[in-house]
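**Student:** fold the following.
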Amino acid sequence: MNQNLEALIEEHANIMAEQMVKAADWAVSEEDVRHECNKLIDEFVKRAGLTVKGRHEYWLAWSN
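**Tutor:** Below you'll find the predicted structure:
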């Protein structure tokens with residue numbers, strides 16, 4: 001894990017804020033924004049040296 005995690009969080013928060021504003025300008029759908037956000041989160045996880053198991057939504061059950 002990255003030794004200076006707090007500094008990395010601060011740096012990456014600024015990057016994410018800038019990139020999400022840009023994504024909002026070109027995104028056509030919510031999914032476009034979600035994909036851009038996921039890329040940024042993946043970049044942070046990698047730089048921080050973290051291991052994150054799947055974080056995607058899924059259905060456990062469906063009923064009518």
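**Student:** so how far is Glu6 from the residue most central in space within the chain?
**Tutor:** Among the residues of the chain, the one closest to the centroid is Ile41, at 2.7 Å (Cα atoms, centre = their mean). Distance, Ile41 to Glu6, using Cβ to Cβ, to the nearest Å: 18 Å. The way it works is simple: take the backbone N, C-alpha and C, and place the C-beta from them, glycine included.
**Student:** check Val21 too.
**Tutor:** Distance, Val21 to Glu6, using Cβ to Cβ: 24 Å.
**Student:** in this structure, which spans are helices?
**Tutor:** 5-26, 30-48 (DSSP state H).
**Student:** where in the chain is pLDDT low?
**Tutor:** For the chain, applying pLDDT under 70 flags the ranges 1-3, 55-64.
**Student:** could you redo the last one with a cut-off of 90?
**Tutor:** Flagging of the chain using pLDDT under 90 yields the residue ranges 1-5, 50-64.
**Student:** setting the sequence-adjacent residues aside, check what's closest to Val33.
**Tutor:** Ala27 (4.8 Å; Cβ to Cβ, 6 or more residues apart in numbering).
**Student:** same deal with Leu40?
**Tutor:** Using Cβ to Cβ, 6+ apart, the closest residue to Leu40 is Met16 (5.0 Å).
**Student:** do the same with Val45
**Tutor:** Val52 (5.3 Å).
**Student:** residues near that neighbour, how many?
**Tutor:** 11 (other Cβ atoms under 10 Å).
**Student:** before we move on, what about Gly49?
**Tutor:** If you count neighbours by other Cβ under 10 Å, Gly49 ends up with 11.
**Student:** check Asp42 too.
**Tutor:** The number of residues packed near Asp42 is 12, by other Cβ under 10 Å.
**Student:** measure Cys6 to Cys37 for me?
**Tutor:** Just so we're on the same page, residue 6 is Glu rather than Cys. 21 Å.
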